[in-house]
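Peer 1: structure, please.
(2 chains)
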Amino acid sequence: MTKEEFTPPAQREERVHRAQVRFSGGAWSWVIKIVLLGGFDALMVLGLLAAVAKASWVIVAVIAIGTLAVNLIYLPPNRELPGKYLAPGVAFMLIFSVSVMLYTVYVGFTNYGDGHNGSKADAVLAIQQNNQARVPDSATYKAAVATKNGGGDELWLIVVDPKTGQARAGNNDTPLQDASGVTTSSLGAITGADGYTVLDFAAVSARSSEVSKLAVPLSDKGADGFLHTTTGSQAYVYRSTMTYDEKADTFTDTAGTVYRDSGQGSFVSSEGRTIQPGWKVNVGFSNFTAAITNSQVRGPFLKVLVWTFVFAIGSVVSCFALGLILALIFNDSRLRGRRWFRLVMILPYAFPATMMTMVWSGLFNQDFGFINQVLLGGLQVPWLNDGTWAKVAILVVNLWLGFPYQFLVATGALQSLPDDVNEAAEVDGASGWSAFWYIKFPLLMVSLAPLLISTFAFNFNNFNLIYMLTRGGPRFTDTSLDVGSTDILISMVYKVAFGDQGRQYGLGSAFAILIFIIVGVISWIGFRQTRALEDIN
Amino acid sequence: MWVDSDRAPVLKSVAAQFKKDVGVTVNLVVKDNSKIVPDFITQVPTGKGPDAIICAHDRLGTLVKNGVVAPLELGDTTDQYQDIAIKAFTYQDKIYGVPYSTENLALIRNTKLAPSAVTSWDAMIAAGRKSGAKYPVLVGMDSVQAASPYNLYPFQASFNAPVFKIGADGAYDGTTLGMGDAAGASFATWLAAQQKAKTLNINISNDIAKTSFVSGQSPFFISGPWNLADIKAKNIPYAIEAIPAAGPQAATPFVGVQGFAMSSKSKNTVATQKLIVEYIGNADIQYKLFEAGQRPPANKEAFEKAKSDKDVAAYGAVGAKGVPMPAVPAMDSVWTDWGNAEAAILSGKSADPAAAWQKMVTGLQAKIK
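Peer 2: Okay, here's the model as predicted:
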């Protein structure tokens, strides 16, 4: 206890004040502060303008509040001192951690994934594009994109009828009508017509989106089809096989079937036929309930959940046990050359785990692998081809990868135990096993238990090992999900969200949230338990 | 435009020519081949994606399902491409890409170990055993305990068990599987027999297969052109031939077609279409792309020119009789279930292979509906 802690409040305040004057005065620090803050504010205003231009009001609010907060914290001198230190950390946490989590939660409540990829407007546009077909065997029209003299900026299409040689012109609202005075270049491209100004390629290219929307009806009857150009120099006759009614928000195909917005992010007919693509919508809790109610998802999800716990707990226990035993052995001063042994022991820790896992995958090959061929003398153990053996293989490899870390921390903890503990035990008549089990081990656990919890959390999400060694296989045969006997939750999430079987970001995010909750709860319980251990000290 | 590193140098010169001719600058972004399609699907809806990408045709169904590619109008140039290439890039009656190369499996025969060509699976196995090599034939399996339906497909096809039923128009009917029934059962039985006879081995990965072939441990190897460089490097005398049939019909491999597709949200549709239809479709440029990638060109004229290379001619001849790999989105889920059923049979775990096979087909059929 030092004297200063008893300084009366008045004196203390005065000292603080003196320190503030000493450390935060100075014209230079003011200039630097103003310049930095000014630059920051300028950047934020730029961002604000961009967000306003795109009408993203949430972003506008976030930037405005954030900028205001930063100015309030940093501008006034000698105030908000803790805030000045905390602000950058908090900002980065919000940007890189909290926002990602919020987005995951948001996606977990949508049907985002293959087939529901973008906005409804995009989907409607794509359906329209995909359902206009060139009339089979129809002729190619020579074409040019033009503007009408005195007709403003609107685009017109000039074509030469391949049958009659007659020049015609029209636009989106005007069916083809005869045109005259068409001139062509030596290559046969249309270069001009009476009353029209033909656009050159650069101009056509610059107005691509308008050109792609240019659909000139052949006649007053829509069924005759329309002329459409893709390159600006040739046009073809198209017919729509699917028409969109903007007011009713429905699609109708040539057979008269009406497709309505199902509310689930796609257009569906009364018989249940769906038009692709769909779009992204909020689907409430259905991703979460699927994990419980959908029999295709529930079975594998539960099996994977159980194996995840078995794997994580098994890995922690086996690695810790082996690491601790080795640490005890090599901590014995009677052992010669223990420094070298220790060095060898931590070697697996020094190799990149991902590479080593792939090497192990080769070692476990049933016919060609080193383990069956050499170690087991040609025995045919189906290491990776059988669900149970694959689980054993995973635990073996993770033991190899994981014990050096436990060995290291256990060695460190053992060496930090005071020698008088041992002596006291000997005096009390405890020796060997009971000295270890009743005295050393509880003391070790005080410092090691939190590490074991973090090891558990790490293994719970040990994606690399599973994916590199078995890819989760061998696969379950009773489900349509691409999930197998050795999949843990995180590799299952990966396969659902990014796997080969169509990507379902919504379902994947929902699983990710469930994992977050599970790991969070376990860690919380674990840390509460370790507090009990701390009482030993 | 997103392209992969192999094709980038050729496309750079195409872009320069395009700039000179029409005054539009093409911005080429080199990306990892496997990232192109997934990134394209996520970025197009945000309006930030490229105008065009290079992609394999079997991803077409997924691209269309996500509404990120626009149909292209090849107009009268359609005839300039090999039929199979156009068929591959046609999805729901519309062409979504300009094809530029094809690739497929064929039989590579070590002419020293097996001096004469073989016409049937049994003849091949007999010749393989007679040669005294370690393996009568090498068919690589995918790594990590899955069979390779792609490598085994030619044999399956020879039993007349295509993945999807082929409609009258020659296109796949993506809703009806064709590999069930008696034909599928006989293929499954055949697979089980090969497992017993140890001619096919689930534990031979693609890498092990290649290594074994280049070290002369087998006279026969079912492989695509991607392994030729290694085979040549080891001076193995080889011939490229049609895959011998195991069933009553010809053993037709899948043909994969590479091409260029346009974004449905492209803001430069006119220039993009001109570039990929008129420039990349051009025979000279297709030949240049062939020189860079050594895959048979999709453009007929360029293919004739590339035929002077006998490997290309041989692979092209085998491929011309093949079928395009199905592009329906359902295919993604078919691959894994299909490979798993084959793996179960090839590891001897199925007591009744025909029943196991039918179970897989029934399950898949329910899934793709």
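Peer 1: going by C-alpha atoms from here, please, whenever you check contacts or count neighbours.
Peer 2: Noted.
Peer 1: which ones are touching residue B:356?
Peer 2: Going by CA atoms under 8 Å, 6 or more residues apart in numbering or on different chains, residue B:356 touches B:341, B:350.
Peer 1: no wait, residue B:310
Peer 2: Residue B:310 neighbours (CA under 8 Å, 6+ apart): none.
Peer 1: how near is it to residue B:234?
Peer 2: In this view, residue B:310 and residue B:234 are 19 Å apart by CA to CA, to the nearest Å.
Peer 1: please apply the same query to residue A:292.
Peer 2: 56 Å.
Peer 1: in terms of neighbours, single out the busier of those two.
Peer 2: Ranked by neighbour count (other CA atoms under 10 Å in any protein chain shown), residue A:292 and residue B:234 place residue A:292 first, with 15 against 12.
Peer 1: need the three-state assignment for the more buried one.
Peer 2: helix (DSSP: H, G, I helix; E, B strand; the rest coil).
Peer 1: quick check: chain neighbours aside, which residue is closest to it?
Peer 2: residue A:298 (5.2 Å; CA to CA, 6 or more residues apart in numbering or on different chains).
Peer 1: can I take it that that neighbour is in a helix?
Peer 2: Yes: the assignment for residue A:298 (three-state DSSP) places it in a helix.
Peer 1: ok, it - contacts?
Peer 2: A:290-292.
Peer 1: so which one among those residues has the lowest pLDDT?
Peer 2: Least confident by pLDDT among the contacts of residue A:298: that is residue A:291, with 75.
Peer 1: what about that one, how many neighbours?
Peer 2: So residue A:291, with other CA under 10 Å, has 20 neighbours.
Peer 1: check contacts around it.
Peer 2: Neighbouring residues of residue A:291 by CA under 8 Å, 6+ apart: A:297-298, A:301, A:511.
Peer 1: any idea which of those has the most stuff around it?
Peer 2: residue A:511 (24 neighbours).
Peer 1: for that one, what are its contacts?
Peer 2: A:288, A:291, A:489, A:493.
Peer 1: again, but for residue B:37
Peer 2: By CA under 8 Å, 6+ apart, residue B:37 lies in contact with B:55, B:59, B:63.
Peer 1: most surrounded residue in these?
Peer 2: Greatest neighbour count in the contacts of residue B:37, by other CA under 10 Å, goes to residue B:63: 26 neighbours.
Peer 1: go ahead and confirm residue A:245 touches residue A:258.
Peer 2: No: in this structure residue A:245 lies outside contact range of residue A:258 using CA atoms under 8 Å: 10.1 Å.
Peer 1: on that earlier part again, and the contacts of residue A:298 as JSON lines, adding distance to residue B:6?
Peer 2: Shown next, in JSON lines, are the contacts of residue A:298 (distance: CA to CA, whole Å):
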{"residue": "A:290", "distance to residue B:6": "43"}
{"residue": "A:291", "distance to residue B:6": "43"}
{"residue": "A:292", "distance to residue B:6": "47"}
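Peer 1: need the residues of chain B near chain A, please.
Peer 2: B:22-24, B:41-42, B:45-46, B:62, B:64-68, B:70-71, B:73, B:75-76, B:94, B:144-145, B:203, B:264, B:267-271, B:273-274, B:329, B:332-333, B:336, B:340, B:347, B:363, B:367 (CA under 8 Å from any CA of the partner chain).
Peer 1: narrow these to those in helices?
Peer 2: Among those, the members falling in helices (DSSP state H) are B:22, B:41-42, B:62, B:64-65, B:269-271, B:273, B:332-333, B:336, B:340, B:363, B:367.
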